[in-house]
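Trainee: Can you look at this prediction? I've put the sequence above it.
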Amino acid sequence: MRDTSEIEANDHAGHRARLRDRLLGGGGLLDHELIEYLLMTAIPRRDTKPMAKALLREFHDIGGVLTADPIALQRVDGIGETAAATIKIAQACALRLVQAEAMKRPVLSNWQALLDYLHADMAHHGVERVRVLHLNTRNMLIRDELMGQGSIDQAPVYVREVIRRAIDFGSAALILVHNHPSGDPSPSRADIDVTRAIAEAGKRLGITVHDHIIIGTSGHVSLRAQGLI
């Protein structure tokens with residue numbers, strides 16, 4: 001008669017084989033199953049389904065899990081450094097995929113791909129981050145630079161520093177980007193004011209500010225589309 005541990009091991013092996021078959025067969029997996037299978041590669045001898053479900057409870061959805069801080073991930077029972085690194089490499093691969101699509105063509109003619117990339121990278125961050133996309137005369141991306149990272153609701157942006165960096169890179173145009181950790185991408189008065197200040201400073205030097213995009217979990221807002229630049 002087989003002991004309990006042997007039965008459980010066989011059950012786990014069978015479950016994992018079924019997940020693998022569905023994955024390779026293109027049948028698709030649920031969010032918790034995707035995370036479960038990912039964790040299997042880092043923790044091969046444990047049942048990772050409870051950990052996957054705990055991660056989704058803690059970080060709300062699969063995007064929140066993939067973009068979570070590694071230290072925060074390790075606060076979830078069973079998630080160690082190796083498992084956290086496995087989750088982060090999955091995020092890095094996903095970002096590389098959408099980034100490559102966004103960079104294939106001039107940014108202004110590939111706008112949706114750019115938005116997809118920015119949303120994947122920034123929507124779930126718990127602190128506000130400000131990035132500046134530097135473009136050449138053909139509107140191809142030449143630099144994607146993190147300019148500031150603030151507290152939970154603000155990141156300092158210095159107009160002169162943004163313009164100085166544009167001069168350093170020989171940028172012909174800029175797209176400003178930041179996220180709202182609250183999830184609501186609606187622009188604040190400060191967002192509008194700093195955008196106009198950068199646009200005015202750039203105009204004197206022949207540097208165009210194409211847009212300021214605010215990213216939130218609920219979507220995005222373009223200040224250009226809103227008539228605020």
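Mentor: Here it is on my side, so go on. Residues are numbered from 1 along each chain as shown.
Trainee: With adjacent residues omitted, what lies nearest to His220?
Mentor: Pro185 (5.3 Å; CB to CB, 6 or more residues apart in numbering). Any C-beta I mention is one placed from the backbone N, CA and C, and that applies to glycine too.
Trainee: same thing with Gly63?
Mentor: His124 (5.1 Å).
Trainee: same check, this time on Thr41
Mentor: Nearest to Thr41 is Thr86, by CB to CB, 6+ apart, at 6.0 Å.
Trainee: And for Arg75?
Mentor: Distances taken as CB to CB, 6+ apart place Glu58 nearest to Arg75, at 7.9 Å, with adjacent residues excluded.
Trainee: gap between the one you found and Met40?
Mentor: Between Glu58 and Met40 the distance is 19 Å, computed by CB to CB, to the nearest Å.
Trainee: more neighbours, these two?
Mentor: Per other CB atoms under 10 Å, whichever of Glu58 and Met40 has more neighbours is Met40, with 21 against 15.
Trainee: Show me which residues of stretch 198-208 are buried.
Mentor: Buried residues in stretch 198-208, counted by 16 or more other CB atoms under 10 Å: 198-199, 201-202, 207.
Trainee: which one among those gets closest to Gly148?
Mentor: Checking the buried residues of stretch 198-208 against Gly148 by CB to CB gives Ile198 as the nearest, at 12.7 Å.
Trainee: so who does the one residue sitting closest to the centre of the chain touch?
Mentor: The centre of the chain sits closest to Asp121, judged by CA atoms, centre = their mean, with a distance of 1.7 Å. Listed by CB atoms under 8 Å, 6 or more residues apart in numbering, the contact set of Asp121 reads 67, 95, 99.
Trainee: tally of neighbours for the second one?
Mentor: The number of residues packed near Leu95 is 15, by other CB under 10 Å.
Trainee: would you list the contacts of Asp121 in CSV and tack on distance to Gly78, pLDDT and secondary structure?
Mentor: As requested, the contacts of Asp121 are exported to CSV (distance: CB to CB, whole Å; pLDDT from 0 to 100; DSSP: H, G, I helix; E, B strand; the rest coil):
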residue, distance to Gly78, pLDDT, secondary structure
Thr67, 20, 87, helix
Leu95, 25, 84, helix
Gln99, 31, 81, helix
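Trainee: which among those gets closest to Glu128?
Mentor: Using CB to CB, these come closest to Glu128 at Thr67, 14.2 Å.
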